[in-house]
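A.B. asks: here are the coordinates; sequence isn't available:
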């Protein structure tokens with residue numbers, strides 16, 4: 001009845017998809033989740049519902065495509081868990097190479113406390129070298145000869161990797177990604193935190209193919 005009165009009523013469309021899900025009519029649920037995505041392609045909610053539906057019906061190719069599309073919107077922890085768990089049940093091992101940070105995420109406004117780890121102190125100090133060249137999100141918008149990237153987070157990781165001696169074992173994969181040219185993908189995807197969203201959303205605009213290559217080449221263990 002709601003959709004009769006207002007055919008583009010987003011909540012009604014998603015709830016109708018949920019209703020078909022619980023009635024075990026997954027194809028109909030998929031239809032409405034896709035309609036939700038068409039209406040709001042830049043929000044994650046309908047994409048996670050659609051990913052769930054594709055995984056439960058074992059539509060692997062469609063699920064992989066939708067996972068990547070959802071990843072471009074927001075690298076959500078729940079989404080990673082659903083997709084990775086499904087693939088592991090199919091015998092495909094995926095390693096995100098997540099590590100525990102020893103520092104808060106650098107932002108233009110600063111961090112709340114000093115790291116107790118030498119490598120992460122270098123990461124924190126790098127913020128002071130680059131912050132005046134950045135906008136509020138941490139995107140480098142002014143010329144800076146020291147920066148090979150256009151993002152504060154990537155620059156600070158580069159300094160940590162280059163200036164730490166010896167390099168801690170937990171940073172070895174990050175070093176590998178730096179040498180391969182995928183450090184940006186590693187810090188934005190494998191170690192994403194909400195404070196990085198402004199930088200990440202800008203990075204995605206011109207790097208979708210690179211992100212896809214990163215996932216397929218470095219996270220999927222063949």
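C.D. replies: Looks like it arrived, so ask away. Everything numeric here is computed off the predicted structure, so don't read it as measured data.

A.B. asks: give me the residues contacting the lowest-mean-pLDDT helix or strand in the chain.
C.D. replies: Least confident element among the helices and strands of the chain, by mean pLDDT, DSSP states H and E: strand 220-221 (a mean of 86). Strand 220-221 is contacted by residues 87, 92, 93, 94, 95 when judged by CB atoms under 8 Å, 6 or more residues apart in numbering. Heads up, the C-betas are built off the backbone N, CA and C, glycines and all.

A.B. asks: buried only: go through those for me.
C.D. replies: With burial judged by 16 or more other CB atoms under 10 Å, the buried subset of the contacts of strand 220-221 is residue 87.

A.B. asks: can I get the contacts of strand 220-221 in JSON lines including secondary structure, distance to residue 122 and pLDDT?
C.D. replies: Below are the contacts of strand 220-221 laid out as JSON lines (DSSP: H, G, I helix; E, B strand; the rest coil; distance: CB to CB, whole Å; pLDDT from 0 to 100):
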{"residue": "87", "secondary structure": "helix", "distance to residue 122": "35", "pLDDT": "87"}
{"residue": "92", "secondary structure": "coil", "distance to residue 122": "36", "pLDDT": "87"}
{"residue": "93", "secondary structure": "strand", "distance to residue 122": "32", "pLDDT": "90"}
{"residue": "94", "secondary structure": "strand", "distance to residue 122": "30", "pLDDT": "90"}
{"residue": "95", "secondary structure": "coil", "distance to residue 122": "26", "pLDDT": "92"}
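
A.B. asks: do you know how far the residue nearest the centre of the chain is from residue 50?
C.D. replies: Note on the chain: the residue nearest the mean C-alpha position is residue 75, at 2.7 Å, using CA atoms, centre = their mean. Distance, residue 75 to residue 50, by CB to CB, to the nearest Å: 17 Å.

A.B. asks: same thing with residue 32?
C.D. replies: For residue 32, the distance to residue 50 (CB to CB) stands at 9 Å.

A.B. asks: which parts of the chain are helices?
C.D. replies: 2-5, 10-22, 26-39, 45-56, 60-73, 77-89, 118-130, 152-163, 172-180, 183-185, 197-205, 208-214 (DSSP state H).

A.B. asks: could you list the low-confidence segments of this structure?
C.D. replies: Residues of the chain meeting the criterion pLDDT under 70: 111-112, 144-147, 222.

A.B. asks: list just the nearest of the contacts of strand 220-221 to residue 109.
C.D. replies: Among the contacts of strand 220-221, residue 95 lies closest to residue 109 (CB to CB), at 33.1 Å.

A.B. asks: so that closest one is in contact with residue 219, correct?
C.D. replies: Yes - between residue 95 and residue 219 there is a contact at 6.1 Å, judged by CB atoms under 8 Å.

A.B. asks: from residue 41, how far out is residue 34?
C.D. replies: Distance of residue 34 to residue 41, given as CB to CB: 11 Å.

A.B. asks: the more surrounded of those two?
C.D. replies: Neighbours per residue (other CB atoms under 10 Å) separate residue 34 from residue 41, with residue 34 holding more: 18 against 12.

A.B. asks: residues in contact with that one?
C.D. replies: Counting by CB under 8 Å, 6+ apart, the residues that residue 34 touches are 46, 50.
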